[in-house]
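Enquirer: Need a 3D model of the following:
(2 chains)
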Protein chains: 2
Amino acid sequence: MNIILVTATEVIDQQIILNDHRAVHIIKILQSEVGDSVRIGIIDGGKGTGLVVEVCKKRPFFVRLAVQISDCATVPVPEIDLILALPRPIMLKRILTQVAALGIGRIFLIHANRVEKSYWESGLLGEDQCREYLRQGLEQAIDTRMPQVEMHRRFKPFVEDVLPEISSGYLLRLLAHPDKHSNLAEVCAGGLGRILLAVGPEGGWLDFEVEMFQRQGFCCWSLGERILKVDTAVVALHAQITAMKEFLKGKMKRDCA
Amino acid sequence: MNIILVTATEVIDQQIILNDHRAVHIIKILQSEVGDSVRIGIIDGGKGTGLVVEVCKKRPFFVRLAVQISDCATVPVPEIDLILALPRPIMLKRILTQVAALGIGRIFLIHANRVEKSYWESGLLGEDQCREYLRQGLEQAIDTRMPQVEMHRRFKPFVEDVLPEISSGYLLRLLAHPDKHSNLAEVCAGGLGRILLAVGPEGGWLDFEVEMFQRQGFCCWSLGERILKVDTAVVALHAQITAMKEFLKGKMKRDCA
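Expert: Numbering: from 1, shown residues only, chains lettered A, B, ... in the order given. Below you'll find the model as predicted:
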């Protein structure tokens, strides 16, 4: 935890009292004393410091902080959004935390033919549970912008009704699909802007699913011949898109100079 | 498990009897019957098929396969090697499996100031244990080339004595270090070839460690301002290097055309 994240409503008269895992972290890991400062951030708001004004190191643990937000700049929304065929719960946890750490705007959890129906019954899919795993990623990456999560339990209505509505917001729509290996640089050659990446279930998309995405303007792209687990693939795909965006930004700067 | 991996010594008279988790996989997941074929690979050897000639679905489970290796081509060694400050055991497991899936040649597990000494006592560091996690990655990625693992419990002797010996084998040596953000495209501009990537412990390298790597010709490079967990960082760094190599290969082809 590299930043203590709090909600705006938790801060009252510029003070906050913590008595959960965040208090335990301040007491046991940071070993902060009265007078010390910790890095603090308001979810979907600014960053600043929390001055420890009172601390109770025995049960019931608590820490009282005087909050000062110095960096009120709105955090920019990450330029990558993710459509993810719902993975099994243990993998979903890890993916939520990792993509929040890497930086993601919106996450659309969707159904697909190879998604086991039972995954939709997971307790993890509650809004609070998702936010908890996302928050761990933000705490790791020192970010305050909470990704938005939407769930779509039916594949066709998502692709046919939701995708056309949101598509205009993206310069590029990429479908991760191992059969079709195209060079990322060629796919990205169109320029910079928001990217919507769709990653399938273990076992991949079915042909009709690929065709439906393609009809919505998605380009197929893969990491190569190696078959990866979904959690490894999501991180690797995100990293490659980020690298290519950075490369293109650098190239544009050089071309302008 | 997308391929059943066996050692060359397990195959006798072109047959193999499996009675461990591989047999369970063939019986329960693949639900293979006599006459079916499964994809099989010899560790550090070729790939082919295993024809099920006998199967016992009750305890003690076993499967007898007639092995035919059709693809004897030596698998090329992946072009990335990894120096990794020893992470805590649960993270090491995940990293070994993930880098084996992504493709890695050699892994040097080393000590660093911020590595907890107790990590070196982990039962995971036995050769068999490491190979088990690496094998899971190979089974996922349908690869047979087992990465080599070396352990170096002292930092200075590794950097001062081992690195100079192996350095000539690499076109590029990269040190992941969040303070120094340089563009990967610029770092890679030197061309293509084997890359040695060094990734530090949680909390990062100390300054003197960075300086010692730099004296051995390492360039600092980071993924940006976001602080990532080591397992996320290793996958993301590997993916970005791979993307850049692919991009440069494509560029060279275009330039030659």
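Enquirer: Was I right to think A:Tyr133 contacts A:Leu96?
Expert: Yes: A:Tyr133 lies in contact with A:Leu96 (CB atoms under 8 Å); the separation is 3.9 Å. In short, each C-beta sits where N, CA and C put it, glycine included.
Enquirer: Residue ranges in the stretch 51-200 of chain A under the pLDDT threshold?
Expert: For the stretch 51-200 of chain A, applying pLDDT under 70 flags the ranges A:74, A:179-183, A:190-191.
Enquirer: give me that answer again for 90
Expert: Scanning the stretch 51-200 of chain A with the threshold set as pLDDT under 90 gives A:58-60, A:70-77, A:122-128, A:167-169, A:177-193.
Enquirer: Could you check which helix or strand contains the residue positioned nearest the centre of chain A?
Expert: Centroid check for chain A by CA atoms, centre = their mean gives A:Ala100 as the closest residue, at 3.0 Å. Of the helices and strands defined by DSSP states H and E, A:Ala100 is found in helix A:89-102.
Enquirer: So is that helix next to chain B?
Expert: Yes: in terms of CB under 8 Å from any CB of the partner chain, part of helix A:89-102 sits within range of chain B, namely A:98, A:101-102.
Enquirer: Make sure the residue nearest to the centre of chain A is actually in contact with A:Glu132.
Expert: No: with contact taken as CB under 8 Å, A:Ala100 and A:Glu132 are classed as non-touching, separated by 10.6 Å.
Enquirer: A:Tyr133 and A:Leu96: which has the busier surroundings?
Expert: Shown here are A:Tyr133 and A:Leu96; by other CB atoms under 10 Å in any protein chain shown, A:Leu96 has more neighbours (26 against 19).
Enquirer: OK, contacts around A:Leu30?
Expert: For A:Leu30, the contact set (CB atoms under 8 Å, 6 or more residues apart in numbering or on different chains) comprises A:36, A:38.
Enquirer: how much space between it and chain B?
Expert: Computed as CB to the nearest CB, to the nearest Å, the A:Leu30 to chain B distance reads 13 Å.
Enquirer: ditto for A:Lys245
Expert: Using CB to the nearest CB, we find A:Lys245 at a distance of 11 Å from chain B.
Enquirer: Leaving aside the residues adjacent along the chain, what's closest to that residue?
Expert: Counting by CB to CB, 6 or more residues apart in numbering or on different chains, A:Lys245 lies nearest to A:Leu192, which is 6.1 Å off, once chain neighbours are set aside.
Enquirer: For that neighbour, give me its contacts.
Expert: For A:Leu192, the contacting residues are A:171, A:245, A:248-249, A:252, taking CB under 8 Å, 6+ apart as the criterion.
Enquirer: These, buried ones only, as a ChimeraX selection?
Expert: Only the buried entries of the contacts of A:Leu192 go into this ChimeraX selection, using 16 or more other CB atoms under 10 Å in any protein chain shown:
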select /A:245,248
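Enquirer: Out of the contacts of A:Leu192, which sit inside strands?
Expert: The strands, defined by DSSP state E, take in nothing from the contacts of A:Leu192.
Enquirer: coming back round to it: kindly export the helix holding A:Ala100 (C-alpha atoms) in PDB.
Expert: Once non-C-alpha atoms are left out, helix A:89-102 reads as follows in PDB (Å, rounded to 0.1, in the frame of the first residue of the first chain):
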ATOM      1  CA  PRO A  89     -13.400 -15.700  -9.500                       C
ATOM      2  CA  ILE A  90      -9.800 -16.200  -8.300                       C
ATOM      3  CA  MET A  91      -8.500 -14.900 -11.600                       C
ATOM      4  CA  LEU A  92     -10.900 -12.000 -11.700                       C
ATOM      5  CA  LYS A  93      -9.600 -10.800  -8.300                       C
ATOM      6  CA  ARG A  94      -6.000 -10.800  -9.600                       C
ATOM      7  CA  ILE A  95      -6.900  -9.100 -12.900                       C
ATOM      8  CA  LEU A  96      -8.900  -6.400 -11.200                       C
ATOM      9  CA  THR A  97      -6.000  -5.500  -8.900                       C
ATOM     10  CA  GLN A  98      -3.400  -5.700 -11.700                       C
ATOM     11  CA  VAL A  99      -5.300  -3.600 -14.300                       C
ATOM     12  CA  ALA A 100      -6.100  -1.000 -11.600                       C
ATOM     13  CA  ALA A 101      -2.400  -0.800 -10.900                       C
ATOM     14  CA  LEU A 102      -1.500  -0.600 -14.600                       C
END
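Enquirer: helix or strand right after it?
Expert: Reading on from helix A:89-102 to the C-terminus, the next helix or strand found by DSSP H and E is strand A:106-110.
Enquirer: Doesn't A:Ile166 lie inside a strand?
Expert: No: under DSSP: H, G, I helix; E, B strand; the rest coil, A:Ile166 falls outside any strand and is assigned helix.
Enquirer: where along chain A do the helices fall?
Expert: Per DSSP state H, chain A carries helices over the ranges A:21-24, A:89-102, A:127-141, A:155-157, A:163-166, A:184-187, A:207-215, A:230-256.
Enquirer: Could I get the buried residue list for the longest one?
Expert: Under the neighbour-count criterion of 16+ other CB under 10 Å, helix A:230-256 has A:230-248 buried.
Enquirer: what does the stretch 151-257 of chain A put close to chain B?
Expert: Within the stretch 151-257 of chain A, the residues that sit near chain B (CB under 8 Å from any CB) are A:183-186, A:223-229, A:232, A:235-240, A:242-244, A:246-247, A:250-251.
Enquirer: ok, 6 Å please
Expert: Taking CB under 6 Å from any CB of the partner chain as the test, the list of the stretch 151-257 of chain A residues beside chain B reads A:183-185, A:226-228, A:232, A:235-236, A:239-240, A:243, A:247, A:250.
Enquirer: Tell me which two of the residues you listed sit farthest apart.
Expert: Farthest apart among those by CB to CB are A:Ile227 and A:Gly250. That separation is 31.9 Å.
Enquirer: what sits against A:Lys93?
Expert: Each residue near A:Lys93 by CB atoms under 6 Å, 6 or more residues apart in numbering or on different chains is listed here: A:Tyr133.
Enquirer: before we move on, what about the one 10 residues further on?
Expert: By CB under 6 Å, 6+ apart, the contact list for A:Gly103 reads A:Pro78.
Enquirer: switch to 10 Å and redo it
Expert: Taking CB atoms under 10 Å, 6 or more residues apart in numbering or on different chains, we find A:Gly103 in contact with A:75-80, A:137-138, A:141, A:143, A:145, A:147, A:238, A:242, B:224-226.
Enquirer: same question, A:Leu237
Expert: Taking CB under 10 Å, 6+ apart as the definition, contacts of A:Leu237 comprise A:80, A:82, A:174, A:176, A:184, A:197-199, A:221-223, A:228, B:239, B:243.
Enquirer: do that again at 8 Å, thanks
Expert: A:Leu237 makes contacts with A:174, A:176, A:197, A:199, A:223, B:239, as judged by CB under 8 Å, 6+ apart.
Enquirer: How much space separates A:Ile107 from chain B?
Expert: Shown here: A:Ile107 relative to chain B, a distance of 16 Å by CB to the nearest CB.
Enquirer: returning to that earlier point: which of the contacts of A:Leu192 scores worst on pLDDT?
Expert: Within these, pLDDT reaches its minimum at A:Met252, with 74.
Enquirer: Tell me how far the closest residue to A:Ala236 other than its chain neighbours lies from B:Gln31.
Expert: If the residues on either side of it in the chain are set aside, A:Ala236 comes closest to B:Ala239, at 3.7 Å by CB to CB, 6+ apart. If you measure B:Ala239 against B:Gln31 using CB to CB, to the nearest Å, the figure is 34 Å.
Enquirer: now swap in A:Ser168 and tell me
Expert: Spatial separation of A:Ser168 from B:Gln31 under the definition CB to CB is 46 Å.
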